[in-house]
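Asker: after the sequence you'll find the predicted model.
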Amino acid sequence: MKDLSRRKFIAGVVGLAGTSLLNTSCSNSTSNPRRIDVHSHIWPPKYVSIAKQNNVTIIPNNGWSVEKALEDMDQAGTASALTSVTAPGLWLGNKDASREAARESNTYAAELIRDHPGRFGMFAAVPLPDVDGSLLEVEYAFDTLKADGICLFTVYEDRFLGHPAFTPILEELNRRKAIVYTHPKEADCCVNIVPGIPATMIEYGTNTTRTIANLIFSGATTRFPDIQWIFSHAGGTTPFLIDRFLSGTAEEVVPGIVTKGAGGTGVVGSNRPANVPNGVLYELRKMYYDTAQTANPIAMKALRTLVPVSQIVFGTDFPFRTAVETSNGLTTCGVFNAQELEAIDRGNALRLLPRFVL
């Protein structure tokens with residue numbers, strides 16, 4: 001999210017280095033790439049009202065409105081944006097209020113789709129950790145509202161998404177071959193864990209990585225192989241912790257380069273965890289990762305080394321970042337060629353969301 005002190009820090013780093021590592025200043029292409037943005041937030045008015053009534057503080061909307069969202073999309077050639085409710089999410093402390101907030105949020109998102117044909121899609125909200133209420137909302141969202149997918153947060157209280165408590169949800173989403181977009185938030189254990197440092201700076205990326213690891217090593221991604229996962233912010237810190245993910249598995253990160261854990265044999269494919277028979281890299285490389293707040297050469301090169309370009313999708317985190325910032329960052333980072341940028345902008349998302357084919 002936009003933060004003045006963060007921008008001053010980045011500016012200082014760039015000035016000291018004498019070169020821009022996070023360059024997003026160049027003008028965007030004049031062509032219309034018809035981008036599909038999988039990471040765009042909304043603040044349904046009734047959700048905001050219900051949250052306030054239950055003394056739940058929501059993240060300020062940074063001046064968001066439907067008109068501003070459409071304007072931002074048009075400035076960067078974004079054809080369609082998939083909407084979601086951001087942190088703190090839909091759990092408001094009691095089941096009735098949370099279920100109502102989820103239903104109102106999804107109804108609002110569906111109205112955006114109806115009122116602006118082709119411009120919006122929706123990742124529907126669910127009131128987890130209320131499993132029964134969430135199953136009801138999954139059914140309503142898909143069968144009545146025709147949602148494009150479901151939004152889950154990376155953690156609920158102190159339970160990450162591979163926790164057994166969420167097995168009924170994953171079973172249903174797997175049965176439906178659903179797209180599941182995830183968004184990070186703080187775990188209860190780690191609120192204000194580093195005083196003065198906002199959760200968005202460290203905890204969001206860390207909790208994305210925690211839930212990816214939890215899903216893989218619990219065996220959830222193996223048991224529920226038909227869920228199409230999209231993780232925000234380039235998978236958090238996952239690309240940078242790949243040595244840890246593969247410790248002892250002796251799997252190749254890139255062809256010819258084997259990551260050895262302590263005592264590892266160096267034999268590709270040996271020592272795989274019992275719950276991950278296809279290997280950790282197989283599971284990581286079938287997931288999708290968006291570009292929100294990571295459209296810079298450092299993050300993108302790491303992500304591209306870990307996963308094929310086919311698994312990277314365009315995401316902005318609007319209204320906290322703009323489509324122009326994100327598209328310029330991807331264009332100028334020097335990691336992708338023109339064909340790969342076309343895939344990230346639109347083609348990869350179309351495999352998941354064929355209804356947006358023009």
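Answerer: It's in. Predicted model only: the values in this text are computed from it and were never measured. Numbering: from 1, shown residues only.
Asker: next one: residue 127 from residue 323, what distance?
Answerer: For residue 127, the distance to residue 323 equals 30 Å [C-beta to C-beta, to the nearest Å]. C-beta here means a position set from N, CA and C on the backbone, and glycine is covered the same way.
Asker: same check on residue 244?
Answerer: 34 Å.
Asker: ok, now how distant is the residue most central in space within the chain from residue 178?
Answerer: By C-alpha atoms, centre = their mean, the mean C-alpha position of the chain lies nearest to residue 232, the distance being 2.1 Å. Taking C-beta to C-beta as the measure, residue 232 falls 17 Å from residue 178.
Asker: what does residue 303 give?
Answerer: 23 Å.
Asker: return the set of buried residues in the helix or strand that residue 300 is a member of.
Answerer: For residue 300, the element it lies in under DSSP states H and E is helix 297-306. Neighbour counts over helix 297-306 (16 or more other C-beta atoms under 10 Å) mark 297, 299, 300, 302, 303, 304, 306 as buried.
Asker: contacting residues around stretch 94-112?
Answerer: 42, 44-47, 50-51, 53-54, 66, 83, 85, 90-92, 119-120, 122, 124-127, 130, 133-134, 136-137, 140-141, 145-147 (C-beta atoms under 8 Å, 6 or more residues apart in numbering).
Asker: neighbours of residue 114, how many?
Answerer: Counted by other C-beta atoms under 10 Å, the residues lying close to residue 114 total 10.
Asker: quick check, pLDDT for it.
Answerer: Listed pLDDT for residue 114 reads 97.
Asker: quick one, phi psi at it?
Answerer: The phi/psi pair for residue 114 (degrees, to the nearest 10) reads phi -70, psi -40.
Asker: what about it, distance to residue 328?
Answerer: Distance from residue 114 to residue 328, by C-beta to C-beta: 32 Å.
Asker: how about residue 171?
Answerer: In terms of C-beta to C-beta, residue 171 sits 42 Å off from residue 328.
Asker: neighbour count: residue 244 and residue 323, which is higher?
Answerer: Between residue 244 and residue 323, residue 323 has the larger neighbour count (other C-beta under 10 Å), namely 25 against 13.
Asker: now do the contacts for that one.
Answerer: Counted by C-beta under 8 Å, 6+ apart, residue 323 has contacts 35, 37, 72, 73, 75, 76, 77, 78, 316.
Asker: 7 Å instead?
Answerer: Taking C-beta atoms under 7 Å, 6 or more residues apart in numbering, we find residue 323 in contact with 35, 37, 72, 73, 75, 76, 78, 316.
Asker: read off the pLDDT value for it.
Answerer: 97.
Asker: ok, and the closest non-adjacent residue to it?
Answerer: residue 76 (3.5 Å; C-beta to C-beta, 6 or more residues apart in numbering).
Asker: what are the ranges of the strands in the stretch 151-300 of the chain?
Answerer: Under the criterion DSSP state E, counting those that start in this stretch, the stretch 151-300 of the chain contains strands at 155-156, 159-160, 179-183, 228-231, 252-254, 257-258, 288-290.
Asker: and the closest residue in space to residue 311 that isn't next to it in sequence, how many neighbours does it have?
Answerer: In this structure, residue 311 finds its nearest non-sequential neighbour in residue 288, 5.2 Å apart by C-beta to C-beta, 6+ apart. Neighbour count of residue 288, defined by other C-beta under 10 Å: 23.
Asker: is it true that residue 288 touches residue 309?
Answerer: No: applying C-beta atoms under 7 Å, one finds residue 288 not in contact with residue 309, separated by 11.3 Å.
Asker: low pLDDT regions in this protein?
Answerer: Residue ranges of the chain with pLDDT under 70: 1-31, 187-188, 248-250, 252-271.
Asker: change it to 90
Answerer: Residue ranges of the chain with pLDDT under 90: 1-33, 57, 59, 87-88, 157-158, 185-206, 243-275, 357-358.
Asker: now residue 340: which helix or strand?
Answerer: For residue 340, the host element (DSSP H and E) is helix 338-342.
Asker: next structured bit after that helix?
Answerer: In N-to-C order, the element after helix 338-342 by DSSP H and E is helix 348-352.
Asker: for the closest residue to residue 36 other than its chain neighbours, give me its contacts.
Answerer: In this structure, residue 36 finds its nearest non-sequential neighbour in residue 349, 4.0 Å apart by C-beta to C-beta, 6+ apart. Residue 349 is in contact with 36, 38, 313, 314, counting by C-beta under 7 Å, 6+ apart.
Asker: cool, residue 177 as well?
Answerer: Shown in contact with residue 177 (C-beta under 7 Å, 6+ apart): residue 226.
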